Each structure stands twice: as structure tokens, then as C-alpha cells.
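Student: just coords:
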């Protein structure tokens, strides 16, 4: 017997309609940006916004429902379908304005936006109309906003994601079904998200960016997206170190658990300093930056990069800044580029390739495997040695002074294995489509981890525009499953999901 | 308080002495081979054998002991130290005869031999005296013999290795301490090992190999080592498909659990057909061969390989044979080369790189992660989806119709993560030593998995002779930890191993 009768498609449709309305709203905002800057595509932008509104409205009208609670299976479908429908609707501004005429490219760009990957098929970004560029940055910001709510409030209830560990900590609900109370949590975290975005915009503006570039880069930073309004990405600002340091600070913040920012605003600093994931994230960033900076300073040929990077305060500062910037850009999966990390030394290419498997903190907008999972895996690995020596001892993994339940440790280990499996299949498929060794490996790691720049033909100074059509769709799929923590999407492909029990 | 007082170093020394005597015996055998073929190094070979005997004898004499049982911690030290001491003593035939004058190179070659990796620093193998070549093949065979006993009888007692799963099945002992009864098991399995080796030797001889080449290739095949007596490895026999098919059959056998061979000789075939690891191993080989053969047939440029491979029975048979041969050579971690798999197509390079992470069956002489671990990981991964949907259901992994105990599943997941971590550190260190992207990745995967040929500068038609000295030592370390299932060696580096509790 099929599960279809128990799944309430009305409620799913209703929420899809709602999502489209929200997106239509942001499209309208982008249309106003077009109007303000008189970029010549105002009309097309308004058409896109209107059509999105219209479709969303019709769907909502025909799917009114009475039930308030959402079942688990419906939850998975809503999350996966939501991202796909947003990516479909989000192509309209690109297609209608002609900024990206091909549907495949437009879909790739939108999926890369909503998944906060930041991989782009555009080769001349600066020629794109301002309203469209704003829409492009907004897709990041919507995706980032969505993922905070998902990670902190929804995925733990669906049994997915490192945030299960924080279930008790989070200022939100706990229980077995999705509940309107999640809106309380969401509101608080959105406020922080909006606040950070405004703060970065003002600081970047004050530091010398144009207001337009400032807001776009802020939208991209806080969502750990990585779309820039400049062809050279943040390397455009290589002669303005202050701008890069501001972005560095906000990349760091965007890669931390937003719940910790909430604690910070409540001046509960001890909670932050005691948080083991935050500590490891901090140590990782410091340690990895030191390694990168030392190698850049002592080993890298100054002529190695195709991106111009003048040394405003001398070579040491420059090595430190680019090391820190690129470490944060890759670890937080933002993917901004201040310099071509594949051009420094062969070691640093491997190094940054490895960093693509780290990921930021759980409950942040960052993608990837996430620090907390690595932490649990490391702790469990050490315990496994002890268990080997003392097979009868019961040695639970402890996290933030509490014993972690075995099913959660199991879930994290299984996630890692599934991640590696997805990576390997990702590489094989890319390779089948004709991509070379480095490009396949880098492309799969980067799209699955929602980083953006990869290696080889998809390196930091390249773009994804030259990929075969099939590879663009495959990359879009990898971005989606990586963003939604694998299980959420892949569970829809299991036969038992569709079985009624 | 230190653990040193509780560890009985006499018993450890005693066993090291015994190992040296056994090795001295095989060295003596190699010296007789030198004598028989009058290869000009008889005297040096006898010196090496005598010195090994002498050192072993002295150590044994001064470390007589009374206790019969070995403690767990002593067990780990014996296994790791044993392999290292064998590799140290095993350098003598190379050094004394001048076949490999550098100690680093001689140690690498010996470690590659005992760990059944088959990576070689020799560029002109055919110029090496026959007695030394025989010794080289014998190191594989000793290593393979040792690993069967380890995997089936010793490591499970130390709480390591996929063979824990077979603890009840194995025709051996069970308990908490190492016990003389393991010799019963060992004897039966050695008999099979010796029998297979003799059978392959005779078949290869009958198929047209010289007797010397036949015995050497048999020693390398059954141990899944990969040293050949020919510069071109098994590609030397590309015009004699029968020889390659014989090697294919024995590579397959060497990659299966030797306990299954034991059942086969007891005509308990149903036990074999019901064995889930064997079934998956079989399906893997069939499926992967089909993929490889199809790509070779349809996509590979006939001029792509630097190794001559005439198509004796036409291109289809040739594609099938090389596909099957290379799939088995990599999956069973033998590492023989019938054709340069990195020269076919970019996809097949990635494909074979991926296969380096498979490994043969537990309880075989193959290295790598092992099929049974993949099987448990796959099963657990599927169950994790079910657990996500039904968090309250208790869903144990089932293997061969029995529920696998959770600690064993945990151990397997932790092993995989530790393996990937070792791989990543392996790659980074190689890269630090100046190896390029492909060479670092391939080299780490191949040495850790005890395969042999890798990618790039360490590809199937290259050798390890050109590596920097430090990289040769690093590769030796990776071969050792990979061979001994990581935990066995790495546990010696943990502080709590040395703590008395």
C-alpha cells in the first residue's frame, strides 16, 4: 500500500506557494534596485516578480488546508521540494532579462545561489544589470536564512544534522512534530542575521566600497555564499586591506553557530567560551591560517597568481591576510577569492582541497561536513583505541560536558561515510562527463561542500560556465544534497520512504 | 606509573628472535637459489642468512622465558615490532649483494615486500641476481603468511579487524588471551596457502613461464604482493593470455577469506555461497570488470599505453582480460600490471584510484579497507535512513543472518574514518615533500592500501625510486600501518597505551 494517501499534499503545496510569495517579494525588491539604478531591465524584473507572485498565489489559493501540524515525511518533501521550486522560480530574473539566456545556466546559478555555494557560470559579472546582480546575491541570503531555520529548528526534528546535539541548548522548541513555536526561534535568529548583514554593509560602505557592492558582498558573506559583484571577486579589493579584513570578520561570524551569537547578545559569554565546537573552529582557523600564511610567505612565487595582489603593508601582512582570508573562505564554505589558492604551491592546492571537507559550525549558514561532526569523530576515534584496549569499558563520547547518545554518534559516523560515498560518486560522474582528474575531484568536493571555487578548470580564477550541460545539472544536484545534509534529499530515493508502515 | 613493569619484554624479545630465525631460514633458501643459478652473489647471500640466524639465535638465547600466555599490550608490540624487525633484517640480502646499495631503498623494498604492497624502487629488475629476486618474492610470501595468521587468529583477540565478525566461524580458538591453540588454525591455513602457491607455480610453468618466473609470480600472487621478476611486470606476458588468466584466478583466490578455502576443501560449499562478503566481492569484481572492459573497448586509444599489449584473441578479449586483470590487481591489492591503467582514459584513472579504497576480503592476504567493512558500512548506511524515519525502532546490522554487535559496527565505522584521516595526512605529507597533486593522492592511497602502483610519477609503468628519501620513509610507514589495520600500530602512539591502569 502506498504512502501517498497518508501524505498531505495540500499542506506541501500550500507551503510551496508561500515560499514562492516570499521569493516574489524579494524579486520585487530586486526590481526596485533595477529601477533605482536604471539598469535597463526594470520591466523584465517586474514581470519575473509578478509571475512568481501569481503562481505562488494560485497555488496557495487552491491548497488551503486545515491541519496545523506537519508529519515527518511531509517535512522531508517540503525541504527538498522547497529548494527545487525556489531554484526553478529563481531562474526567471536571469531568463527574462537575458542576463543568462540558457535555462541550464540559469538553474545552475540559482541553485548555486540558494544553496549558498557561490559557483558561477558567469564570466563577465560586471556587465550584468545591477538589479539582476542584486537578485543573485539575494538568492544566497534567502538560502542562508532558510538554512539557519532548517538547521536549528527543523532538521533536528527530522532526525538529521549535527544540531541534534544542541537540541536542548537551542532557544527553540523540542518535540516530535513541527510546531508553530519554531517561529519564535526563527524570529530571533533572523534578527541577528539581518543585524549582521546591515552592520557589514555599513562597515564595508564606510571602508570605501560603493553602497551597492557593500550590500551585495554582505548578503554573500553572511550566507557564506560567495557571489561577488566583481569579476575578480574580493581580489578586486586587494589594495584595500581594510575591506578584506571586514569581510574576514563577518565570514568568521557567519561560520559560527547563530545560537552562539544569540547568547552573545544576551551577554552569556561563558556559554560561548565553553562551547567545544566554537573552540575547535577557532583553533582550526588559527592553526590553518598559520600554515597557509607561512607557506605563502616562504614558498609562494609572487608571480604565481593571475590575480593582482599588491602588498599594501608588506609581504608578511599580505601573506597573513590572504592565508586567513582563503582559509576562512574555504572552511566557512563562502568561497570568496582574494587570491588564486591553486597557484601558490602544490602543497597549498592539496591543503585547500582538504579544507573543503571541513565545513563551518552547525547552526551556521556554512555548508560541508561541519566542525562538530569532525569533533565527535575525533573524540570517538580516540575512544575507539581505548575500547580496543579495554573492550568491557563503557566509554561514551562526551560533548560540552554531556555524554552524547549513541544513536547521534552513529548518525554522525554514517553521515561522514555517506558524504564520502557521495563525493566518490560525484567525482566518478564528473570524470565520466569528460572532466580531468583535478577538476573532477575539486568540483565534487566544492559543490558537495557548497564552497564554490574548486581546482583545475574550476579553480578560483575560473568559472563553471565551460562545463558540459550534464555536468552543470550534476553539480546542481550535488549542491542540493550537500546543502540539505544528504539524508533529507536522499531519503526520498529510498523505497521504504514510499512504503506505508 | 609506567606500564613498562607489567609488559614482559623477554617474551617479546623471544618472539623477535624466533621471527629472525624463520627469516634466516628463508634467506638461506634464497642463498641456495643463488647457488643453483650461479648468480654471482652466493657468498653475500649466505653472509646475510648467517648474520640473521646469529642475531636471532643470540636474542632467543638471552630471552628464554617461562610464561606461555601473551597479554594484549604485548600482542600489539609484538605485531608492530615484528614487522619492523623483519624489514630491518630483510634489507641484508639487498645491501650485502649490492643489488640495492642504499639503506633507505633497501628498507623501502623490504617493507614493501613484507607488507605485500609490491611498490618497488628498482628500475631494472631483470638485472638483479636471481637469488635476490627470489628473496624479494619470499618477503611477500612471508608477509602474506603472517597476515593470514594475524587476521584470523590474532587481531580479533586484540579487538581489531573485520575478522571479529568471523570469530565464531573460524576453525580456530576464541577467548581473551593468545593461546597455543592458534597453531592448529595456522597450520591448516598455511597448508592451503602452500598448496595454492604450488598449484599456481605448476600451472604457470606448464603455461610457458620459466620455472623461476613461475615460482616468483606465485609467491607474489598468493600474498597479493605484486613484485614481478620482469621490468614490465605481467605485461611481459601480454602475448600469452593463458598465463595472465592463471594469475587472474589465483589473484581472485588470494583476495578471498582463506577460511572459505578451508570450507571448500571440506566440501562445505553452502557455507561459501551463503557468505555475504564473498558474494559482494564476487559481484564487485564482475561489475567493475564490466565497466573497465567496456571503457577500454570503446573509449581507450590503442596507443594510450606505454606497455605493449598485443590483442591475441582480438580487441574484445583483450579489453576484457586487461579490465579483469587490473580490477583484480587493484581490488585484491596485488598490484601486478598488465597494462598502464592511468593511460586508458581519464575516467579509468579516477576509477582505479577509487578501487584502491576497496581492498580484498577479510582473512585473505589482501590489504586495504576490505569488502566486509564496506558491506557493513553500506548496510548500516541504509539502516540509518530507516532509523531517521523511525527513531524508536531498534535496527541492528545483520551479517550472514546474524545481528552484528554494535561495538563491532562502531569499530568498523571508526576504522573507516581513521583510514580516511591517515589517507589525508598521508597526502599532505607527500605533498609537503614536493610530490605533485596526482602523485600525492595516488601514492598515499596505494601505499596505505598496500596496492603498489599508484598515479602520476608513481604510476603503473613508473617506480618509487625517484621519490625523495623522506618520502620513501613516509611511504614505508604508510605501508606498515595500512597492513596492520591502523589500530595495531597507531595504538602504540597513544598516551594511554603506556599508562598502567
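Tutor: Okay, I see it. Because the structure is a prediction, the values reported are computed rather than measured.
Student: Other residues contacting stretch A:92-108?
Tutor: Contact with stretch A:92-108 is made by A:27, A:30, A:41, A:44-45, A:47-48, A:51-52, A:87-88, A:91, A:109-110, A:119, A:121-122, A:128-129, A:131-132, A:135, A:464-465, A:469, A:472-473, A:475-476, as judged by C-beta atoms under 8 Å, 6 or more residues apart in numbering or on different chains. Where you see a C-beta, it was placed from the backbone N, CA and C, and this is true even at glycine.
Student: redo that, cut-off 7 Å
Tutor: Outside stretch A:92-108, the residues within contact range by C-beta atoms under 7 Å, 6 or more residues apart in numbering or on different chains are A:27, A:30, A:41, A:44-45, A:47-48, A:51-52, A:87, A:91, A:109, A:121, A:128-129, A:132, A:135, A:464, A:469, A:472-473, A:475-476.
Student: My reading is that residue A:335 lies in a strand. Confirm?
Tutor: No: with DSSP: H, G, I helix; E, B strand; the rest coil as the criterion, residue A:335 is located in coil rather than a strand.
Student: residues contacting it?
Tutor: A:118, A:226, A:329, A:451-453.
Student: farthest-separated two in those residues?
Tutor: With distances taken as C-beta to C-beta, the most widely separated pair in those is A:118 and A:329, at 9.4 Å.
Student: More neighbours: these two, which one.
Tutor: Neighbour count, other C-beta atoms under 10 Å in any protein chain shown: between residue A:118 and residue A:329, residue A:329 has more, with 32 against 29.
Student: Could you measure from the more buried one over to residue B:486?
Tutor: 33 Å (C-beta to C-beta, to the nearest Å).
Student: Turn the contacts of residue A:335 into JSON lines, columns for secondary structure and pLDDT.
Tutor: Below are the contacts of residue A:335 laid out as JSON lines (DSSP: H, G, I helix; E, B strand; the rest coil; pLDDT from 0 to 100):
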{"residue": "A:118", "secondary structure": "coil", "pLDDT": "95"}
{"residue": "A:226", "secondary structure": "coil", "pLDDT": "95"}
{"residue": "A:329", "secondary structure": "helix", "pLDDT": "97"}
{"residue": "A:451", "secondary structure": "coil", "pLDDT": "96"}
{"residue": "A:452", "secondary structure": "coil", "pLDDT": "95"}
{"residue": "A:453", "secondary structure": "coil", "pLDDT": "94"}
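Student: Out of these, flag the one nearest to residue A:359.
Tutor: residue A:451 (9.1 Å).
Student: With chain B as the reference, measure out to that closest one.
Tutor: From residue A:451 over to chain B the distance is 17 Å, taken as C-beta to the nearest C-beta, to the nearest Å.
Student: just residue A:427 next, same as before
Tutor: 6 Å.
Student: And residue A:446, by the same measure?
Tutor: Look at residue A:446 and chain B: by C-beta to the nearest C-beta, they are 15 Å apart.
Student: Now do the contacts for that residue.
Tutor: A:119, A:356, A:452-454, A:458.
Student: who wins for neighbours among those residues?
Tutor: residue A:452 (34 neighbours).
Student: my read: it touches residue A:226, true?
Tutor: Yes: between residue A:452 and residue A:226 there is a contact at 4.2 Å, judged by C-beta atoms under 7 Å.
Student: Quick check: neighbours shared by the two?
Tutor: By C-beta under 7 Å, 6+ apart, the residues touching both residue A:452 and residue A:226 are A:118, A:335.
Student: quick one: low-confidence parts of chain A?
Tutor: Chain A contains residues with pLDDT under 70 at A:1-5, A:65-68, A:152-154, A:156-157, A:159-183, A:301-309, A:501.
Student: one more time with 80
Tutor: A:1-8, A:64-71, A:148-187, A:301-312, A:500-501 (pLDDT under 80).
Student: tell me the centre residue of it?
Tutor: What sits nearest the mean C-alpha location of chain A, by C-alpha atoms, centre = their mean, is residue A:116, with 3.8 Å.
Student: Number of residues surrounding residue A:421?
Tutor: Counted with other C-beta under 10 Å, the neighbours of residue A:421 add up to 15.
Student: before we move on, what about residue A:30?
Tutor: Neighbours of residue A:30 using other C-beta under 10 Å come to 27.
Student: Tell me where the stretch 301-450 of chain A has strands.
Tutor: A:398-399, A:402-403 (DSSP state E, counting those that start in this stretch).
Student: so can I have a markdown table of those showing mean neighbour count and distance to chain B?
Tutor: Compiled in a markdown table, the strands of the stretch 301-450 of chain A are given as follows (neighbours: other C-beta atoms under 10 Å in any protein chain shown; distance: least, C-beta to the nearest C-beta, whole Å):
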| stretch | mean neighbour count | distance to chain B |
| --- | --- | --- |
| strand A:398-399 | 16 | 16 |
| strand A:402-403 | 12 | 15 |
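Student: could the ones you listed go into a markdown table alongside distance to residue B:416?
Tutor: Output for those, formatted as a markdown table (distance: least, C-beta to C-beta, whole Å):
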| stretch | distance to residue B:416 |
| --- | --- |
| strand A:398-399 | 21 |
| strand A:402-403 | 23 |
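Student: And these: which comes nearest residue B:58?
Tutor: strand A:398-399 (49.3 Å).
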